[in-house]
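S.K.: Fold the following.
(one chain, ligands or ions: 1)
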Amino acid sequence: MTAAVRAYVARVSDYPLEPGRADIQAMAAAAAEMVADFVEGLPDAPAYAVDPAQVARLVPRLLREPPERPVSGDGPGAGPTDALGPLLAEFREATVVAADVAGPGYMAYVGGGGLVTSALAEFLARAVNRYTGLATFAPALVAIEESVLRWMCRTFGLPATAAGVVSTGGSLATLTAVVAARTQALGEDIGRGTAYVSAYTHRCVAKAAHVAGLRRDQVRVVPSTPDLRMDPVAAVAMIAADRAAGRVPFLLVATGGTTHTGTVDDLVALADVAAAHEVWFHVDGAYGGFFQLTERGRARLAGIERADSIVLDPHKSLFLPHGTGVTLVRDGATLRRAFAADGHYLQDAGADDRLPDYADMGPELTRDYRGLRLWLPLHLHGVGAFRDALDEKLDLAAFAHLELAADPRLEAPWAPDLSTVAFRLRDGTADEQRALLARVNASGRVFISSTLVEGRVTLRLCIITFRTHRDRVAEAVDIVREAAAAVTAGRGTPA
Ligand SMILES: *Cc1c(COP(=O)(O)O)cnc(C)c1O
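M.R.: The predicted structure follows:
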């Protein structure tokens, strides 16, 4: 080193972006303390706590820009730990003003809860920040992720040609599947292709079709039977009519547990339709897929093993924190055909023929390492713990359905296929159904949502959060019944 270089190096003596060992430990301990408090507080926390006054107080403050220097950590000898305390407190306060999606009372939309063990995996995976888009950069870490995907392929009865890729959620996983199907069936000539969905198909499918370059009229809505399943006979008729009209039917989308009512389409019949008409058979298992781990779920999802692609949301029925979706395909080559891309900047990367390059199997190149957040909980708790939790949800939904259906003020016309119970006030107006929903949610003990079934406002208990157990479901049933009594008590005497 020249004297000038030595002087330069000596001058740069303090790197605040790299906390030292003691700071890492202190910060992690503070974070762990907060998480432990949070988890302990969940059973007593309100199920929904978006209080307008709190929002008005917190939001403007939190919209502030970051400071040039840490607000309380820039004194002599102060480390990042000193600045962390107030920021953690602020974060903690912000988490309170929310629908408690993590808690036992969350039965709206489709929850999951968020395993703390998966969050811990996230901390580790992100701290080491390995690159896993191309296998040669971290083959052993890719093997960890791949082991989980292969287990999923086997769980769904897919053949040895199958492959999977982990993305951020059901929507991106669906986009991945739709583009694979489109590429496989239509090549570059996509204008005449038609896809088939039902009225209860999740809207992410239409969105994926749009992003994949299809016009709105290329997504056809097949009628449903009175039990809310896609009508296979109607699907055949539509596919035949479209083909006769010069269109190219290429994709049939079945749902393995609708978001509305948890209904599972007749996958065997729809697989037959897809096979007979040579269209790609996709099963959306974002909500219901992992019930395949249970005996009852496997029976209800029969036919899923014939899918060309399956979408799963580990952040729903595998209880992970938000941000993990999975696409499985029957033939891994279809993903590569759709997504493999070259760039000169990647010319040195090489390949490992035992392991996949995930960058060639989906829309992303650089990605967060998603293997550990799946692998760690599955190994730490064992698959049986997940199976049992899902079985418990099936029992809880069956219990809630029996209880609600037995109340003369309510109707619950569909026995749950999985863990969602749809119900409404018998002979209720739409306003009364909404009043019932508002009363239930005002309890603060459960948070539920509504949907439209055959055009009628219908409430739903979606029991999928791993923290929801018997006590809270029994409480939910009581709350619904009391609310139904209160809403119907307001009715005038009939003329
Ligand atoms: C939640 C859901 C999706 C969308 O998944 P995201 O993870 O929210 O993007 C798709 N299909 C079904 C059936 C769902 O329940």
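S.K.: Contacts only, for whichever residue of the stretch 1-150 of the chain sits closest to the ligand.
M.R.: The nearest approach of the stretch 1-150 of the chain to the ligand comes at Val110, 4.6 Å away (Cβ to the nearest ligand atom). For the C-beta atoms, the positions are set from N, CA and C on the backbone; glycine is no exception. Counting by Cβ atoms under 8 Å, 6 or more residues apart in numbering, Val110 touches Thr259, Ala286, Tyr287, Asp313, Lys316, Cys462, Ile464.
S.K.: tally of neighbours for the residue of the stretch 101-250 of the chain found nearest the ligand?
M.R.: Relative to the ligand, the nearest point of the stretch 101-250 of the chain is Gly170 (2.2 Å; Cβ to the nearest ligand atom). Residues lying near Gly170 (other Cβ atoms under 10 Å) number 29.
S.K.: What residues are bridge-paired with the residue of the stretch 351-495 of the chain found nearest the ligand?
M.R.: Nearest residue of the stretch 351-495 of the chain to the ligand (Cβ to the nearest ligand atom) works out as Cys462 at 9.0 Å. Here Cys462 sits in beta bridges with Thr420, going by DSSP bridges.
S.K.: The closest residue to Gly371 other than its chain neighbours: what's it in contact with?
M.R.: Nearest non-adjacent residue to Gly371, counting by Cβ to Cβ, 6 or more residues apart in numbering: Glu145, 2.7 Å away. Shown in contact with Glu145 (Cβ under 8 Å, 6+ apart): Thr132, Val166, Tyr358, Tyr369, Arg370, Gly371, Leu372, Leu374, Trp375.
S.K.: so how far is Arg354 from the fifth one?
M.R.: Pointing back at Arg370 there. To Arg354, Arg370 is 19 Å away according to Cβ to Cβ, to the nearest Å.
S.K.: Equivalent analysis for the last one, please.
M.R.: Counting by Cβ to Cβ, the separation of Trp375 from Arg354 is 18 Å.
S.K.: quick one, which of the two is more surrounded?
M.R.: Shown here are Trp375 and Arg354; by other Cβ under 10 Å, Trp375 has more neighbours (21 against 10).
S.K.: got the residues of the chain near the ligand?
M.R.: 110, 169-171, 202, 204, 255, 259, 284, 286-287, 313, 325 (Cβ under 6 Å from any ligand atom).
S.K.: burial measure for the residue of the stretch 351-495 of the chain closest to the ligand, as a count.
M.R.: Neighbour number of Cys462 under other Cβ under 10 Å is 29.
S.K.: pretty sure it contacts Ala108?
M.R.: Yes. Between Cys462 and Ala108 there is a contact under Cβ atoms under 8 Å: 6.8 Å.
S.K.: Give the intersection of the neighbour lists for the two.
M.R.: Ile448, Ser449.
S.K.: For the stretch 151-300 of the chain, just list every one of the helices.
M.R.: Ranges of helices within the stretch 151-300 of the chain are 170-186, 203-211, 232-244, 267-276, 295-300, based on DSSP state H, counting those that start in this stretch.
S.K.: Could you check the angle the longest one makes with helix 203-211?
M.R.: Comparing the axes of helix 170-186 and helix 203-211 via axes from the mean of the first three to the mean of the last three Cα atoms, to 10 degrees yields an angle of 50 degrees.
S.K.: Restricting to C-alpha, output helix 170-186 in PDB.
M.R.: Extracted in PDB, the C-alpha atoms of helix 170-186 (Å, rounded to 0.1, in the frame of the first residue of the first chain):
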ATOM      1  CA  GLY A 170     -51.300 -17.700  -5.400                       C
ATOM      2  CA  SER A 171     -51.600 -14.800  -7.800                       C
ATOM      3  CA  LEU A 172     -48.000 -15.100  -9.100                       C
ATOM      4  CA  ALA A 173     -48.100 -18.900  -9.000                       C
ATOM      5  CA  THR A 174     -51.300 -18.700 -11.100                       C
ATOM      6  CA  LEU A 175     -49.600 -16.400 -13.600                       C
ATOM      7  CA  THR A 176     -46.800 -18.800 -13.900                       C
ATOM      8  CA  ALA A 177     -49.200 -21.700 -14.600                       C
ATOM      9  CA  VAL A 178     -51.200 -19.700 -17.100                       C
ATOM     10  CA  VAL A 179     -48.200 -18.600 -19.000                       C
ATOM     11  CA  ALA A 180     -46.900 -22.200 -19.100                       C
ATOM     12  CA  ALA A 181     -50.200 -23.500 -20.400                       C
ATOM     13  CA  ARG A 182     -50.500 -20.700 -22.900                       C
ATOM     14  CA  THR A 183     -46.900 -21.300 -24.200                       C
ATOM     15  CA  GLN A 184     -47.500 -25.000 -24.400                       C
ATOM     16  CA  ALA A 185     -50.800 -24.900 -26.100                       C
ATOM     17  CA  LEU A 186     -50.700 -21.700 -28.200                       C
END
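S.K.: Any chance you could list what contacts stretch 346-354?
M.R.: So stretch 346-354 is contacted by Leu134, Ala135, Thr136, Phe137, Pro139, Val142, Asp357 (Cβ under 8 Å, 6+ apart).
S.K.: Alright, calling it a day.
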